[in-house]
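S.K.: Okay, sequence plus prediction incoming.
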Amino acid sequence: MNKEDLKFNSKTIHGGQELEKGYGAIMPPIYQTSTFAQVTPGKHKGYAYARSANPTRTALENSLASIENGNYGLAFGSGLAAIDAIMKLFNPGDEILSNYDLYGGSFRLFKEVFEKYGLVFHFINMHDVETIENYITKNTKLIWMETPTNPMLNILDIKAITNIAKEHKLLVAVDNTFATPYLQRPIDLGGDIVMHSATKYLGGHSDTVVGGIVVKEKELANKLYFIQNASGAVCGPMDSFLVLRGIKTLHVRMQRHCENTATIAKFLNQHPRVEKVYWPGFKNHPNHEIAKNQMKYFGGMVSFMPKEGDYNRAIEIIKKLSLFTLAESLGGVESLVGHPASMSHGSMPKEEREKIGIKDALIRVSVGIEDVQDLIKDLENALS
């Protein structure tokens, strides 16, 4: 059987993988080595130096490519290192269109690092797809989108936006961290580059920091492989092993994440002390129909605004939680809670944050896979 013809749930376990040739190990060994013996200068068994390639990292990269229906995968030291590599495809004067409501770390990298090297970024509202064409110039090279967005849970229409990009011969990159390939596969919808903070759902256990890129076209892959090797922001073999292990249970974890989040979103939406809940599974969500068509389910994230909400009220609620841990990151088996204005988006200017709805009272929840009734009791106690 051709492993690339497998259904998704089987691909998470077998996709892109081969049995270890030495002893038939089921899991790829952790090749904890910096260098490899060469027979003669330049002649080796496929690996020379671990920055360029490592067998454990190769196994992860093959798995990433398989589950995203791409042909080439690359693994990096973090999600931001992966984004950094993508931005290095471009030259001073090139313009990049990005949705305005995106992860604060991405915004910081674009504005405070790459703008000073001559890249030009336009942060725009991509919900009205037709307005995108108003920002395309002869210098535009890339459309960058994050969907669902962090932390407002807006949904962008990947297929519609990629259709516009193709008309203008632009690349499209999609940050698929929140959705994972379990819920949506941007390459199938016309995207050129898929990026992951594999630290989150792909790893799934809050025990490693890794980034990933998947592409379909060989020429683009070769450019990114060159940048990966030349810049050296790769992940180590142990981190590769941990994410590869996490991917093997991605499908069962995501199913529970989605089920729990749906229950919690509905609970919060009916709670008298909650002003507004942001979750694309609600029929009144402005992008619900796109989410329903584009995604398998509605994800494991939910954000909400308490009534009479301000910074102090948000912190009061967060401090009362016991099962939900206040911490950076998301996507682990345990439930986490975050305060976007001071954490994930703390580096974004206040006026920029508030323009996209990130007010001081907003609370972001990464719903884990615990018993959902225990989670609801914890939230009820914190809100009461």
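M.R.: The structure has been received and is ready for your questions.
S.K.: Who are the contact partners of the residue nearest to residue 81 when sequence neighbours are not counted?
M.R.: Leaving aside its chain neighbours, residue 81 sits nearest to residue 233 (3.8 Å; criterion: CB to CB, 6 or more residues apart in numbering). Just so you know, the C-beta spots here come from the backbone N, C-alpha and C atoms, and that holds for glycine as well. Taking CB atoms under 8 Å, 6 or more residues apart in numbering as the contact definition, residue 233 lies against 76-78, 81, 84-85.
S.K.: Buried by neighbour count: which residues of stretch 90-104 qualify?
M.R.: The neighbour-count criterion (16 or more other CB atoms under 10 Å) identifies 90, 94-104 as the buried residues of stretch 90-104.
S.K.: so where's the protein shaky on pLDDT?
M.R.: Across the chain, residues meeting the criterion (pLDDT under 70) sit at 1, 3-4.
S.K.: returning to what we had before: which of the buried residues of stretch 90-104 sits closest to residue 203?
M.R.: Distances from residue 203 to the buried residues of stretch 90-104, taken as CB to CB, are shortest for residue 103 (16.8 Å).
S.K.: Could you report the separation of that closest one from residue 152?
M.R.: Residue 103 is 11 Å from residue 152, where distance means CB to CB, to the nearest Å.
S.K.: Pretty sure residue 6 sits against residue 12.
M.R.: No - counting by CB atoms under 8 Å, residue 12 is not a contact partner of residue 6; they are 9.3 Å apart.
S.K.: Those two: which is more packed in?
M.R.: residue 12 (24 against 15; other CB atoms under 10 Å).
S.K.: buried stuff in the longest helix seen in the chain?
M.R.: The residue-count maximum for a helix in the chain (DSSP state H) belongs to helix 250-270. Within helix 250-270, the residues scored as buried using 16+ other CB under 10 Å are 250-251, 253-258, 260-262, 264-265, 267-268.
S.K.: same question, stretch 230-250
M.R.: For stretch 230-250, a neighbour-count test (16+ other CB under 10 Å) marks 233-237, 239-247, 250 as buried.
S.K.: Then stretch 190-201?
M.R.: Applying a neighbour-count criterion of 16+ other CB under 10 Å, the buried positions in stretch 190-201 are 190-201.
S.K.: where do the strands sit along the protein?
M.R.: Counting by DSSP state E, the chain has these strands, from start to end: 72-76, 95-99, 120-124, 140-146, 171-175, 193-197, 211-215, 274-278, 301-306, 325-326, 336-338, 363-366.
S.K.: Out of these, flag the one nearest residue 355.
M.R.: strand 120-124 (9.5 Å).
S.K.: what is the orientation angle of the closest one with strand 95-99?
M.R.: 30 degrees (axes from the mean of the first three to the mean of the last three CA atoms, to 10 degrees).
S.K.: can you put the strands of the chain in CSV and add distance to residue 113?
M.R.: As requested, these are exported to CSV (distance: least, CB to CB, whole Å):
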stretch, distance to residue 113
strand 72-76, 16
strand 95-99, 13
strand 120-124, 11
strand 140-146, 14
strand 171-175, 17
strand 193-197, 16
strand 211-215, 16
strand 274-278, 29
strand 301-306, 26
strand 325-326, 28
strand 336-338, 23
strand 363-366, 24
